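Participant: sequence and predicted model, in that order:
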Amino acid sequence: MNHDPIVFTFFLIFAGAALVATLALFARQALLIAYILIGALLGPWGLGLIADAEILKEIAHIGIIFLLFLIGLNLQPQDLLNMMRKTTVVTVVSSLVFSVVGFAVAYGFGFALEESLLIGIATSFSSTIIGLKLLPTTILHHQRTGEVIISILLFQDLIAIVLLMLLQGRGGAEEAAIMEMLKLVLILPAFIGVAWLFQKFILLPLLAKFDRIQEYIFLMAIAWCLAAAELAQLAGLSGEIGAFIAGITLASSPISLFIAESLKPLRDFFLIIFFFSLGAGFNLNMIGDILLPGLVLAFAMMLIKPPVFRILLQRTGENLKRSYEVGYRLGQMSEFSLLIAVLALDVGVLSQQGSYLIQFATVLTFLFSTYLVVMRFQSPIAISDRLRRD
């Protein structure tokens, strides 16, 4: 009997990811590193067991849509404004410093001016997934450290989303890019207005009427996320932006926390596929070309991010211990760096070498930053039992 190629592909993804994730946990590493590594091992440039990474890439796109939807769900406007007001200077200044350093490294290794600028900007973000996954839940919502980290990450995420929107408009000739920018400026506010009206007068009343039926809430949340993503694409925006706006419109709802919790397993399912497909699409033959600049870029970010965050946070009144810890917890590059690298390559703004440089450096910072955090601070996978907290 012939085996089903889809079932076989999913078997390779999840069985392989489970095996490597087990090894990663013993090594005190974030699981997404395991997903990327198993993708590279089994993909077209590794063992070749999965020959076509493009199919996975299309499926994995759903994971990014759910990720941005859940980020939007956690952006309650009033709380967000209060937190960001305290960390705006820290986020903006640190992003500028990291961008300048990243630009200098890329330009020093011979990348073109525009590519170097984009590489520099991609280095300025820290990982929301790693930052939150390595925070003990005991401090995530109840202590100042968690609040500071979340506010900085959310502000960075907003900047990254704007950059992704701008890249969407660069995928053609200069005149076409200008038209895309104008369309973005005109359509985005209208889309936000339509989404807000729909959730206020249709979605929320339905959810309130049948709020006892959890399956219905789960179903409506998925439908609203994907419908907004599809509508955004039809309007000339991206599905990711539509999902993000859909999440924000529900953020003030009393059931937003329930929706966020119920959708996390579904998000994780597709994000595993996303990170696997990212590894599967990585051309291992390119490592020789980007090894040295990738190492230098990763080392530069790991070296500069903790002290910059520490200095800036101390200037805002945070104590030395907290500033020191936040700096190390935000010392890596971001999954948004990976998204920017992939999208910029797809629209022709970044060369293959530049895209792989960002991806390689990002994975390296994931690896080393995780080690530094679990050796020094409380986390669910800390080296010491004394530091391990749920």
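Facilitator: That came through, no problem. Numbers count the residues shown, from 1 in each chain.
Participant: is residue 349 in a helix, a strand, or coil?
Facilitator: coil (DSSP: H, G, I helix; E, B strand; the rest coil).
Participant: how about it, phi and psi?
Facilitator: phi -80, psi -30 (degrees, to the nearest 10).
Participant: cool, residue 351 as well?
Facilitator: Dihedral angles for residue 351 - degrees, to the nearest 10 - are phi -70, psi 170.
Participant: next one, pLDDT for it please.
Facilitator: With respect to pLDDT, residue 351 scores 90.
Participant: for it, what are its contacts?
Facilitator: For residue 351, the contact set (CB atoms under 8 Å, 6 or more residues apart in numbering) comprises 111, 115, 345. For the C-beta atoms, the positions are set from N, CA and C on the backbone; glycine is no exception.
Participant: what about it, distance to residue 299?
Facilitator: Look at residue 351 and residue 299: by CB to CB, to the nearest Å, they are 22 Å apart.
Participant: next, count neighbours for residue 22.
Facilitator: 12 (other CB atoms under 10 Å).
Participant: where's it, which helix or strand?
Facilitator: Taking DSSP states H and E as the criterion, residue 22 maps to helix 5-26.
Participant: in CSV, could you pull the C-alpha coordinates for that helix?
Facilitator: Only the C-alpha atoms of helix 5-26 are listed here, as CSV (Å, rounded to 0.1, in the frame of the first residue of the first chain):
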residue,chain,number,x,y,z
PRO,A,5,3.1,11.9,1.1
ILE,A,6,1.3,14.5,3.3
VAL,A,7,1.0,12.1,6.2
PHE,A,8,4.7,11.1,5.7
THR,A,9,5.7,14.8,5.7
PHE,A,10,3.8,15.6,8.9
PHE,A,11,5.3,12.4,10.4
LEU,A,12,8.8,13.7,9.6
ILE,A,13,8.1,17.1,10.9
PHE,A,14,6.6,16.2,14.3
ALA,A,15,8.4,13.0,15.0
GLY,A,16,11.7,14.6,14.1
ALA,A,17,10.8,17.8,16.0
ALA,A,18,9.8,15.8,19.1
LEU,A,19,13.2,13.9,19.0
VAL,A,20,15.3,17.0,18.6
ALA,A,21,13.2,19.0,21.0
THR,A,22,13.9,16.3,23.7
LEU,A,23,17.6,16.8,23.1
ALA,A,24,17.2,20.6,23.1
LEU,A,25,15.4,20.5,26.5
PHE,A,26,18.3,18.4,27.9
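Participant: show me which of the contacts of residue 351 is closest to residue 275.
Facilitator: residue 345 (16.9 Å; CB to CB).
Participant: contacting residues for the closest residue to the closest one other than its chain neighbours?
Facilitator: Spatial nearest neighbour of residue 345, excluding adjacent residues (CB to CB, 6 or more residues apart in numbering): residue 355 at 3.9 Å. If you count contacts by CB under 8 Å, 6+ apart, residue 355 has them with 341, 342, 344, 345.
Participant: again, but for residue 71
Facilitator: 128, 154, 157, 244, 247.
Participant: in PyMOL, how would I select the buried members of the residues you listed?
Facilitator: The buried residues among the contacts of residue 71 can be selected in PyMOL (16 or more other CB atoms under 10 Å) with this line:
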select buried, resi 128+154+157+244+247
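Participant: pick the one among the contacts of residue 71 closest to residue 144.
Facilitator: When the contacts of residue 71 are compared against residue 144 (criterion: CB to CB), the nearest one is residue 154, at 15.7 Å.
Participant: state the helix or strand in which the closest one lies.
Facilitator: Short version, using DSSP H and E: residue 154 is in helix 144-168.
Participant: what's the answer for residue 101, then?
Facilitator: helix 77-108.
Participant: quick check: buried residues in the helix or strand following that helix?
Facilitator: On the C-terminal side of helix 77-108, the nearest following helix or strand under DSSP H and E is helix 113-122. Of the residues in helix 113-122, 115, 116, 117, 118, 119, 120, 121, 122 count as buried by neighbour count, 16+ other CB under 10 Å.
Participant: could you give the angle of helix 113-122 to helix 144-168?
Facilitator: 150 degrees (axes from the mean of the first three to the mean of the last three CA atoms, to 10 degrees).
Participant: using CSV, list the CA coordinates for helix 113-122.
Facilitator: Coordinates of each C-alpha in helix 113-122 appear next as CSV, following Å, rounded to 0.1, in the frame of the first residue of the first chain:
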residue,chain,number,x,y,z
LEU,A,113,24.0,50.3,1.1
GLU,A,114,20.2,49.4,0.9
GLU,A,115,20.9,45.8,1.9
SER,A,116,23.1,46.9,4.8
LEU,A,117,20.3,49.2,6.0
LEU,A,118,17.8,46.4,6.0
ILE,A,119,20.2,44.0,7.7
GLY,A,120,20.8,46.6,10.3
ILE,A,121,17.1,47.2,11.0
ALA,A,122,16.5,43.4,11.1
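Participant: what's in contact with the following helix or strand past that helix?
Facilitator: Scanning forward in sequence from helix 113-122 by DSSP H and E, the next helix or strand is helix 128-133. If you take CB under 8 Å, 6+ apart as the criterion, helix 128-133 is touched by 30-32, 71, 140, 149-150, 153, 156-157, 271, 329-330, 332, 334-336, 366, 369-370, 380.
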